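Engineer: Got a predicted structure plus its sequence, pasted below:
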Amino acid sequence: FGLFLPVTSPLFLPSSDVRASLLYGYLLFAAGFLTYPLGAIIFGYIGDTYGRKKALTISIIAMALATTCIGILPVYTQIGIMAPIALCLCRIVQGICAGGEYIGSGLLVVEHMSTKYPGFFGATSAAAGTFGALLAALTGSIFTLSTMPNWAWRIPFLLGTLLGFVGLYIRQKVEESPEFHRVRFNKESLIKKIPLLKVLKTHPFSLACAVGIGALGTVPFYFVMGYLNTSLVVNGKISHSAMMVINAFISFFCASTLP
């Protein structure tokens, strides 16, 4: 979504100033991030109650549907104000699912590894997500070439359907977290109905530190890939395809060094 903002913003959020359109696009980009915590809460509850596997299955299906919908949405000239509203709804669904995906997949990996190198294996989950950004950038560099038709930007989003099926197939083959089974069948380890409230009450400082540590890595990453490079495209400093290649190198560096 972020990589294609220079293309999609003028189509869904038209303005006489292309920079204004991009700014509106950033607001939609932010809308997805604001729903990350909500997704973590929703899918965290599903994962704690019904299993990590079920939570990740639901999230990847919803993510694929939302991404596919972006690829088939009519633009502003076709349906007017409903175009940005529909795009915002798709972005919110993406954000909710990403909030569940990112944390849920990490939990599944770490709980399968038990106490053996949890930091390293948790980092491989984060690296895999960044590797996804690498694939997105490489795909985008192809479909933003000057030789491509104007509607070519839709194809990478439509590929979300295929990736959804692949991800769903893989997750059906993954065994449930051993930690979840242990807690579920241990009567002395009852799952709290609203664990978030307990965390806020008993560990507010630890929670704030975790948020800060997360921001320390993700804010610079998205500042460069989501804002700086797309701004360079809109201001005519680099081509859209070149920006995709630059972002691919950044993603490769991050994916390689995270573990």
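Structural biologist: On my side now, so go ahead.

Engineer: use CA for all of it now, contacts and neighbours both
Structural biologist: OK.

Engineer: before we move on, which element is the most centrally placed residue in the chain in?
Structural biologist: Nearest to the centroid of the C-alpha atoms of the chain, with distances taken as Cα atoms, centre = their mean, sits residue 98, at 4.3 Å. According to DSSP states H and E, residue 98 maps onto helix 82-113.

Engineer: any idea which helix or strand comes after that helix?
Structural biologist: Following helix 82-113 in sequence order, the next helix or strand is helix 118-143 (DSSP H and E).

Engineer: Pull out the buried residues from that next one.
Structural biologist: Going by neighbour count (16 or more other Cα atoms under 10 Å), the buried part of helix 118-143 is 118, 121-127, 129-134, 136-143.

Engineer: how about the helix holding residue 98: buried residues?
Structural biologist: Under 16+ other Cα under 10 Å, the buried positions of helix 82-113 are 83-84, 86-113.

Engineer: just the angle between it and helix 118-143, please?
Structural biologist: With axes from the mean of the first three to the mean of the last three Cα atoms, to 10 degrees as the basis, helix 82-113 and helix 118-143 are set at 150 degrees to each other.

Engineer: what mean pLDDT would you report for helix 82-113?
Structural biologist: If you average the pLDDT over helix 82-113, you get 87.

Engineer: Contact partners for residue 14?
Structural biologist: In this structure, residue 14 makes contact with 21, 76, judged by Cα atoms under 8 Å, 6 or more residues apart in numbering.

Engineer: ok, now which ones touch the residue lying closest to residue 129 once chain neighbours are set aside?
Structural biologist: Leaving aside its chain neighbours, residue 129 sits nearest to residue 102 (7.6 Å; criterion: Cα to Cα, 6 or more residues apart in numbering). Residue 102 is in contact with 125-126, 129, counting by Cα under 8 Å, 6+ apart.

Engineer: Could you tell me which residues make contact with residue 165?
Structural biologist: Counting by Cα under 8 Å, 6+ apart, residue 165 makes contact with residue 61.

Engineer: which parts of the helix or strand harbouring it are buried?
Structural biologist: In this assignment (DSSP H and E), residue 165 forms part of helix 154-173. Within helix 154-173, the residues scored as buried using 16+ other Cα under 10 Å are 154, 156-158, 160-161, 164, 167-168, 171.

Engineer: picking that back up, residue 37 is in contact with the residue nearest to the centre of the chain, correct?
Structural biologist: No - applying Cα atoms under 8 Å as the test, residue 98 and residue 37 come out as separate, 9.5 Å apart.

Engineer: tally of neighbours for residue 256?
Structural biologist: Using other Cα atoms under 10 Å, residue 256 has 14 other residues around it.

Engineer: Which pLDDT value belongs to it?
Structural biologist: For residue 256, pLDDT reads 90.

Engineer: That one and residue 123, how far apart?
Structural biologist: As judged by Cα to Cα, to the nearest Å, residue 256 and residue 123 stand 10 Å apart.

Engineer: what does residue 254 give?
Structural biologist: On the measure of Cα to Cα, residue 254 and residue 123 end up 11 Å apart.

Engineer: per-residue confidence at residue 184?
Structural biologist: 68.
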